[in-house]
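[1] Take a look and give me a structure for this.
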Amino acid sequence: MASLQEVASSPLFLAGLALGLIGLLQIAAGCLLLFRWEPLRFALHALIGVAVTAVGLLALTIAVGIQGYQALTHETLGATIAVTPSGPQRFDARVRFPDGREASFVIAGDELYVDAHVLKWKPIANVIGLHTAYDLDRIAGRYRSVEQERTATRTVYPLGAPRALDVFDLRSRYAWLAPLVDAEYGSATFVPVSKPTVLEVRVSTTGLLIREAVVR
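    Below is the predicted model:
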């Protein structure tokens, strides 16, 4: 997997691996000297070997930790949504998914609302290439007024699509995955819609967020 390859190819990881091997060779050489009844030389080799191995292990730990931190900042584009106001508290939303699917909705409200199911992995799982899994659940309109939320027209539409591999189903069926799972939860985000714009729904380890798309 890409993350594992990045760790294995980092200079710090390679240096740590080399130091670890040198340290182990020093310890092995010391053991041979012990069989020859040279305790002082054995102690010297063993001490050097343990010290070098410890430094190597520290370098390996730092290399993996850095990659884990980078994985924790990973964001995935969940959908691109083009919104266009069509009247008072009304707007059209055209959703484009990363796999090419598109869907259009007529939404009532002042704000665009999107929610999802999120499965967050622990850092060790990030290192081996498992990033935050998500399933966009629904898109809706949201009114600023609580009273309107209770009485005005509500528009809610599903966003989910059938999946060949459902990681949430795998998580519930296979207990051995539990130690790799940090949290499983629902996440929602919303933004006001006052003008035509293109928005990106992004999924990170902290949940959903919506940003205005950067025009290139």
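[2] make it CA atoms for all contacts and neighbour counts henceforth
    Fine.
[3] what ranges do the helices span in this structure?
    2-9, 11-35, 39-72, 123-127, 146-151, 167-173 (DSSP state H).
[4] Let me see the mean pLDDT of the fourth one.
    Across helix 123-127, pLDDT averages out at 62.
[5] likewise the fifth one?
    Predicted confidence along helix 146-151 averages 94 (mean pLDDT).
[6] Buried residues, it. List them.
    Buried residues in helix 146-151, counted by 16 or more other Cα atoms under 10 Å: none are found.
[7] who's in contact with that helix?
    142-143 (Cα atoms under 8 Å, 6 or more residues apart in numbering).
[8] you'd agree Pro158 is up against Arg138?
    Yes: counting by Cα atoms under 8 Å, Pro158 touches Arg138, with 4.3 Å between them.
[9] Can you get me a residue count around the closest residue to Val95 other than its chain neighbours?
    The shortest distance from Val95 to any non-neighbouring residue, by Cα to Cα, 6 or more residues apart in numbering, is to Ile81 (4.5 Å). Neighbourhood size, Ile81 [other Cα atoms under 10 Å]: 24.
[10] Ok, Gly78 next?
    By other Cα under 10 Å, the residues close to Gly78 number 22.
[11] Surely it touches Val201?
    Yes: when contacts are counted by Cα under 8 Å, Gly78 is listed as touching Val201 (5.4 Å).
[12] could you check the distance from Pro98 over to Leu136?
    Look at Pro98 and Leu136: by Cα to Cα, to the nearest Å, they are 12 Å apart.
[13] Pull up the overlap in contacts between those two.
    Gly78.
[14] what sits up against stretch 206-216?
    With Cα under 8 Å, 6+ apart, stretch 206-216 has contacts from 115-116, 118, 187-191, 197-203.
[15] quick revisit: neighbour count winner among Pro158 and Arg138?
    Higher neighbour count among Pro158 and Arg138: Arg138, with 16 against 12, using other Cα under 10 Å.
[16] Would you agree that one is in contact with Gly186?
    No: assessed by Cα under 8 Å, Arg138 is found out of contact with Gly186, at 11.4 Å.
[17] Show me whatever sits in contact with both of those two.
    Here Arg138 and Gly186 have 115-116 as joint contacts, going by Cα under 8 Å, 6+ apart.
[18] Tell me the spacing between Pro88 and Gly141.
    In terms of Cα to Cα, Pro88 sits 13 Å off from Gly141.
[19] Could you do Gln148 as well?
    For Gln148, the distance to Gly141 - Cα to Cα - is 11 Å.
[20] what do you get for Tyr134?
    Tyr134 is 21 Å from Gly141, by Cα to Cα.
[21] More neighbours: Pro98 and Leu136, which one.
    Neighbour count, other Cα under 10 Å: between Pro98 and Leu136, Leu136 has more, with 22 against 11.
[22] Below-threshold pLDDT in this structure: ranges please.
    Within the chain, the ranges that satisfy pLDDT under 70 run 1-13, 34, 60-74, 123-132, 161-184, 215-216.
[23] Map the structural domains onto the sequence of it.
    Recorded structural domains for the chain (assignment: automatic domain parsing) are 2-72, 76-212.
[24] Kindly check the end-to-end length of the longest one for me.
    Start-to-end span of domain 76-212 (Cα to Cα) is 15 Å.
[25] got it, and stretch 28-43?
    12 Å.
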